[in-house]
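>>> please work out how this folds:
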Amino acid sequence: MTNYYHILGISQSASQREIKEAYRKLALRYHPDKNPDNAYAEERFKEISHAYHILRDPQRKAQHDHSLAYAAFKQETAKATYTTYTSPPPYAYESPQQRARRRSRGNWQASGPRPAVTSKKNLVATAWAFGIIIALALVVFGLTSYQSYHQEQVRARQDELAAGIYKEAEELFMQRNYEQSLKLLKTIDEQHNISYDAGHLRQNIFNTIEEEANQNYEQRNYRQAAAGFQLLADNKPEYDALTFAKLVSSYEMIPDYPHAISAYTEVIKAEPYTIEARLGIARLFYNLGEHKKALEYYREASDIVIMEYQNLYGKAYALAVDPRRTPESHYQLHCRLGLTYSELGMFREAQSALKWAIFLRPEAPEAHFLMGNTFRKEGRSGEACKKWKEAKKHGSREAASQLKKYCK
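Coordinates of the predicted model:
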């Protein structure tokens with residue numbers, strides 16, 4: 001009988017995942033679209049598809065396994081019977097004295113054990129055993145055949161329904177109704193015959209949405225761009241960093257801060273140790289006036305930076321960090337952290353963060369300017385003026401304005 005495991009090139013102990021993977025590889029190799037006018041590939045594809053449909057169904061797979069086991073049993077039984085019937089019975093030597101004693105007891109039976117294969121009772125018992133096995137096999141085969149037929153009918157109706165859904169999704173795609181088309185394609189199970197075509201259509205929809213969203217983004221149609229990138233983010237099975245980067249940028253340009261914050265949150269879920277996403281979401285909370293919420297994300301980003309320093313330089317990282325090798329995001333983090341602390345009246349924490357920012361970028365004016373503002377809020381006017389002078393020296397116009405306003 002046909003061994004469907006051999007067709008897929010797998011062992012009988014293969015799992016459903018291994019069966020599906022073997023089918024996908026062979027289906028891609030022998031698919032008619034990749035082998036036009038190739039009769040062998042077409043027949044091979046049909047054979048592979050039929051084998052997969054048998055093995056993916058638990059009941060049909062069990063029936064196939066039973067049939068393979070029964071075929072193996074018949075083969076082994078035939079070999080055993082042939083060996084038994086063709087082997088000569090053992091010969092037992094009998095001396096004249098033994099033969100005389102046996103005859104004196106009136107026992108005229110031939111010496112030696114009687115061969116089992118010639119026993120009438122054993123033949124009848126063997127026939128009964130074979131008859132019972134065959135009867136049970138027929139009953140099981142009949143039940144499984146009925147169940148398989150019923151399952152096949154159900155599967156055929158499901159495949160027909162899936163084909164109808166695919167057709168409707170294709171029409172919606174042509175009408176540029178991408179969202180509804182993707183919703184319909186999600187309902188098509190991977191086990192249906194149409195699943196390969198459905199996956200191909202889904203990828204075409206993704207490519208079209210991405211192309212249109214990028215065009216809108218370049219043309220500064222940020223609301224349309226955000227809608228397209230959001231559709232990709234909601235439906236693509238894998239995380240795409242570039243899609244989310246343009247999504248949050250589009251939301252910020254609209255501006256739509258709540259949706260931008262939601263998109264940043266998804267980025268943090270996908271990239272747990274990202275600093276930039278936390279800076280972005282903290283900045284948005286700060287702009288909304290939610291300084292405490294902004295501080296939470298700035299602190300999270302600061303903890304990640306400290307962890308990086310400790311991994312590179314050890315616990316004494318403050319003595320070993322080379323400011324020239326630190327990214328700009330670290331400087332901006334400490335500037336924004338100092339500003340947020342200052343807004344919340346936590347001046348010591350603000351000054352500590354700004355000192356670190358000045359250490360990282362001593363020639364940059366922003367940290368000096370913010371330090372001066374913090375000193376002024378704390379009532380330390382002389383120190384504020386010194387910091388503003390330092391910031392002005394490095395090109396800060398805001399610091400020059402503060403000097404004119406508050407310093408003589």
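>>> which element follows the lengthiest helix in the chain toward the C-terminus?
Ordering each helix of the chain by length in residues (DSSP state H) puts helix 120-174 first. Using DSSP states H and E, the helix or strand that follows helix 120-174 in sequence is helix 178-186.
>>> how near is Ala226 to Asn311?
For Ala226, the distance to Asn311 (CB to CB, to the nearest Å) stands at 37 Å. Placement of C-beta: from N, CA and C, glycine included.
>>> look at those two and report which has more neighbours.
Ala226 (26 against 9; other CB atoms under 10 Å).
>>> report the buried residues of whatever helix or strand that one lives in.
According to DSSP H and E, Ala226 maps onto helix 222-235. For helix 222-235, the neighbour count (16 or more other CB atoms under 10 Å) marks Tyr222, Ala225, Ala226, Ala227, Gly228, Phe229, Gln230, Leu231, Leu232, Ala233, Asn235 as buried.
>>> got the contact list for the following helix or strand past that helix?
Sequence order places helix 241-253 as the next helix or strand after helix 222-235, per DSSP H and E. Helix 241-253 is contacted from outside by 210, 213-214, 217, 220, 222-223, 225-226, 229-230, 232-233, 236, 257, 259-260, 263-264, 266-267, 270-271, 280, 284, using CB atoms under 8 Å, 6 or more residues apart in numbering.
>>> helix 241-253: which residues count as buried?
Applying 16+ other CB under 10 Å to helix 241-253 flags Thr243, Phe244, Ala245, Lys246, Leu247, Val248, Ser249, Ser250, Tyr251, Glu252 as buried.
>>> next, the angle from it to helix 222-235.
Per axes from the mean of the first three to the mean of the last three CA atoms, to 10 degrees, the angle that helix 241-253 makes with helix 222-235 is 140 degrees.
>>> just how off-centre is helix 241-253 within its chain?
Its chain's average C-alpha position is 23 Å from that of helix 241-253, according to CA atoms, centre = their mean, to the nearest Å.
>>> and if you look at stretch 233-250?
Here stretch 233-250 is found 16 Å from its chain centre; the criterion is CA atoms, centre = their mean.
>>> what does stretch 319-328 give?
Distance, stretch centre to chain centre, for stretch 319-328: 37 Å (CA atoms, centre = their mean).
>>> quick check, pLDDT for the closest residue to Arg283 other than its chain neighbours.
Closest residue to Arg283 apart from its sequence neighbours, by CB to CB, 6 or more residues apart in numbering: Arg336 at 6.8 Å. With respect to pLDDT, Arg336 scores 97.
>>> packing partners for the host helix or strand of Arg336?
According to DSSP H and E, Arg336 maps onto helix 328-343. When contacts are defined as 3 or more CB pairs under 8 Å, 6 or more residues apart in numbering; DSSP states H and E, helix 328-343 packs onto helix 276-287, helix 291-313, helix 347-360, helix 365-377.
>>> identify the residues contacting that helix?
Here helix 328-343 makes contact (CB under 8 Å, 6+ apart) with 275-276, 279, 282-283, 286, 291, 294-295, 298-299, 301-302, 305, 347, 349-351, 353-354, 356-357, 360-361, 364, 366-367, 370-371, 373-374, 377.
>>> buried residues, stretch 395-408. List them.
Buried residues in stretch 395-408 (16+ other CB under 10 Å): Ser396, Glu398, Ala399, Ala400, Gln402, Leu403.
>>> now the buried members of the contacts of helix 328-343.
Buried residues within those, counting neighbours by 16+ other CB under 10 Å: 275-276, 279, 282-283, 286, 291, 294-295, 298-299, 301-302, 305, 347, 349-351, 353-354, 356-357, 360-361, 364, 366-367, 370-371, 373-374.
>>> now the longest helix of the chain and helix 178-186, what's the angle there?
Put simply, helix 120-174 runs at 180 degrees to helix 178-186, going by the same axes, to 10 degrees.
>>> helices or strands up against helix 120-174?
Contacts defined by 3+ CB pairs under 8 Å, 6+ apart place helix 120-174 against helix 58-86, helix 178-186, helix 195-218.
>>> dump these into a markdown table; add distance to Thr340, mean neighbour count and mean pLDDT as well.
Output for these, formatted as a markdown table (distance: least, CB to CB, whole Å; neighbours: other CB atoms under 10 Å; pLDDT from 0 to 100):
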| stretch | distance to Thr340 | mean neighbour count | mean pLDDT |
| --- | --- | --- | --- |
| helix 58-86 | 59 | 13 | 71 |
| helix 178-186 | 39 | 17 | 94 |
| helix 195-218 | 30 | 16 | 94 |
